[in-house]
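[1] Predicted model and sequence below, questions to follow.
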Amino acid sequence: MNLVEIGRGIGNVAIIMALAGAVAYVGDRVGHQVGRRRLTLFGIRPRYTSTIVAIGTGMVIALVVTLGAIFASEQVKTAFFKLNEINSQIGELQSRQRDLEAKVNSGRLVVPVNTLMVPFYRVIDQSASPNQRLSTIRDYYAFAIKYVNATYPRLGLRPYERPADYDNKLSGLAYDLTTAAKLSQANVMLTVSSDQNLFENDQIHFAINVTPDIRYFQKGQVIAQLLVPGKSNASINIALVQLENYISFTARRLQLPAFLTTVQPLQLIPDANQMQERIARSGTYVLTAFAAQDFYPHVGGIPIVIVLTSQP
């Protein structure tokens with residue numbers, strides 16, 4: 001519990017105390033006035049009448065304040081009428097959290113999140129009508145189910161089952177404005193990836209990705225660079241891994257799915273051994289990654305050429 005929450009709690013207690021005092025004061029004054037005028041209620045003696053009026057006045061004020069708080073605040077309304085439901089949900093979430101922690105700590109991870117699960121893709125043509133899009137998505141979805149259910153149960157996962165609203169989800173994907181916007185750029189590529197970490201005995205889950213098949217990198221384009229200080233005991237292999245991470249990060253910023261940001265080094269200039277010899281000398285060196293060819297998502301990996309140069 002932080003200081004803000006403690007302060008809020010103290011403030012709430014103070015407000016309740018002030019309201020209780022105000023209710024008691026008003027009830028007492030009303031009862032006192034009734035007693036002074038010796039008014040009676042249903043023939044009851046004035047002394048008892050003033051007590052009843054004081055109590056009733058306090059109850060009415062408390063009721064009005066409570067109703068006002070209920071209508072004015074969703075939190076108060078929830079506290080009065082949905083507290084048991086919230087406690088039940090909290091208990092369920094805590095149970096899920098314990099199960100997830102047990103999986104993470106002792107379970108066997110079969111498929112990490114954002115992993116390509118089907119090694120085939122489908123293309124929706126830019127000129128396709130909404131109905132044609134839906135037909136392609138449905139066919140690919142059916143194919144994906146057959147593939148994952150033939151492949152991943154052998155690895156320890158439970159077969160995929162179509163959710164009750166799967167057709168609405170596929171229709172939403174086909175008619176979605178985001179899909180239409182992507183098709184306005186180029187053909188789109190459909191792929192299937194894991195939408196969560198899948199542990200042993202988990203049921204198979206997957207998501208269908210819609211990616212514009214546009215040119216993300218032009219041949220010869222500089223994608224990423226890394227400075228390597230000479231005579232620093234740097235490892236060229238570690239530097240190359242870091243450079244590839246930079247490339248993947250750059251690709252993800254372009255909203256490419258993670259599995260399409262893998263790097264395919266086609267050539268090192270000079271080779272790794274010569275690079276290591278060069279950075280052992282004094283000076284500052286630059287590793288530069290160039291696109292080896294025009295890169296489109298259907299290529300399946302980012303082809304690069306890496307060149308080591310001396311910084312002037």
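    In hand now; what should we look at? Numbering: from 1, shown residues only.

[2] Which parts of this protein belong to which domain?
    The record's domain parsing of the chain by automatic domain parsing lists 3-81, 111-212, 222-310.

[3] Need those in JSON lines (columns: distance to Q94).
    All C-beta spots, glycine's among them, are computed from the backbone N, C-alpha and C. Shown next, in JSON lines, are the domains of the chain (distance: least, Cβ to Cβ, whole Å):
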{"stretch": "domain 3-81", "distance to Q94": "19"}
{"stretch": "domain 111-212", "distance to Q94": "19"}
{"stretch": "domain 222-310", "distance to Q94": "30"}
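
[4] Please convert those to a markdown table, extending it with mean neighbour count and distance to S88.
    Formatted as a markdown table, those follow (neighbours: other Cβ atoms under 10 Å; distance: least, Cβ to Cβ, whole Å):
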| stretch | mean neighbour count | distance to S88 |
| --- | --- | --- |
| domain 3-81 | 13 | 13 |
| domain 111-212 | 16 | 23 |
| domain 222-310 | 16 | 36 |
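
[5] Is it possible to get CSV of those domains that adds distance to R98 and mean pLDDT?
    Output for the domains of the chain, formatted as CSV (distance: least, Cβ to Cβ, whole Å; pLDDT from 0 to 100):
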stretch, distance to R98, mean pLDDT
domain 3-81, 25, 64
domain 111-212, 14, 95
domain 222-310, 29, 94
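
[6] And the strands in the stretch 151-300 of the chain, which stretches?
    Counting by DSSP state E, counting those that start in this stretch, the stretch 151-300 of the chain has strands at residues 188-193, 198-199, 207-212, 222-229, 263-269, 284-291.

[7] show me where the stretch 201-312 of the chain has helices.
    236-253, 272-279 (DSSP state H, counting those that start in this stretch).

[8] counting contacts, what elements does the longest one pack onto?
    The one in question is helix 236-253. Applying 3 or more Cβ pairs under 8 Å, 6 or more residues apart in numbering; DSSP states H and E, one finds that helix 236-253 makes contact with strand 222-229, strand 263-269, helix 272-279, strand 284-291, strand 302-310.

[9] who wins for proximity to L134 among those?
    Minimum separation from L134 across the helices and strands packed on helix 236-253 (Cβ to Cβ) falls at strand 302-310, 31.2 Å.

[10] Now do the closest one: which elements does it pack against?
    Using 3+ Cβ pairs under 8 Å, 6+ apart: strand 302-310 touches strand 222-229, helix 236-253, strand 263-269, helix 272-279, strand 284-291.

[11] Looking at the ones you listed, spot the one closest to L93.
    The closest of those to L93 is helix 236-253. By Cβ to Cβ, the value is 30.0 Å.

[12] Centre of the chain to that closest one, how far?
    The chain centre lies 24 Å from the centre of helix 236-253; the measure is Cα atoms, centre = their mean, to the nearest Å.

[13] Nearest approach to L177 belongs to which of the helices of the stretch 201-312 of the chain?
    For those, the distance to L177 is smallest for helix 236-253, at 22.7 Å, taking Cβ to Cβ.

[14] and the closest one, C-alpha only, in PDB?
    Extracted in PDB, the C-alpha atoms of helix 236-253 (Å, rounded to 0.1, in the frame of the first residue of the first chain):
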ATOM      1  CA  ILE A 236      33.200  -9.700 -33.800                       C
ATOM      2  CA  ASN A 237      30.700 -12.600 -33.400                       C
ATOM      3  CA  ILE A 238      29.000 -10.800 -30.500                       C
ATOM      4  CA  ALA A 239      29.000  -7.600 -32.400                       C
ATOM      5  CA  LEU A 240      27.300  -9.300 -35.400                       C
ATOM      6  CA  VAL A 241      24.600 -10.700 -33.100                       C
ATOM      7  CA  GLN A 242      24.000  -7.300 -31.700                       C
ATOM      8  CA  LEU A 243      23.800  -5.800 -35.200                       C
ATOM      9  CA  GLU A 244      21.200  -8.500 -36.200                       C
ATOM     10  CA  ASN A 245      19.200  -7.600 -33.100                       C
ATOM     11  CA  TYR A 246      19.200  -3.900 -34.300                       C
ATOM     12  CA  ILE A 247      17.900  -5.100 -37.700                       C
ATOM     13  CA  SER A 248      15.100  -7.100 -36.200                       C
ATOM     14  CA  PHE A 249      14.200  -4.100 -34.000                       C
ATOM     15  CA  THR A 250      14.100  -1.800 -37.000                       C
ATOM     16  CA  ALA A 251      11.800  -4.300 -38.800                       C
ATOM     17  CA  ARG A 252       9.400  -4.600 -35.800                       C
ATOM     18  CA  ARG A 253       9.100  -0.800 -35.800                       C
END
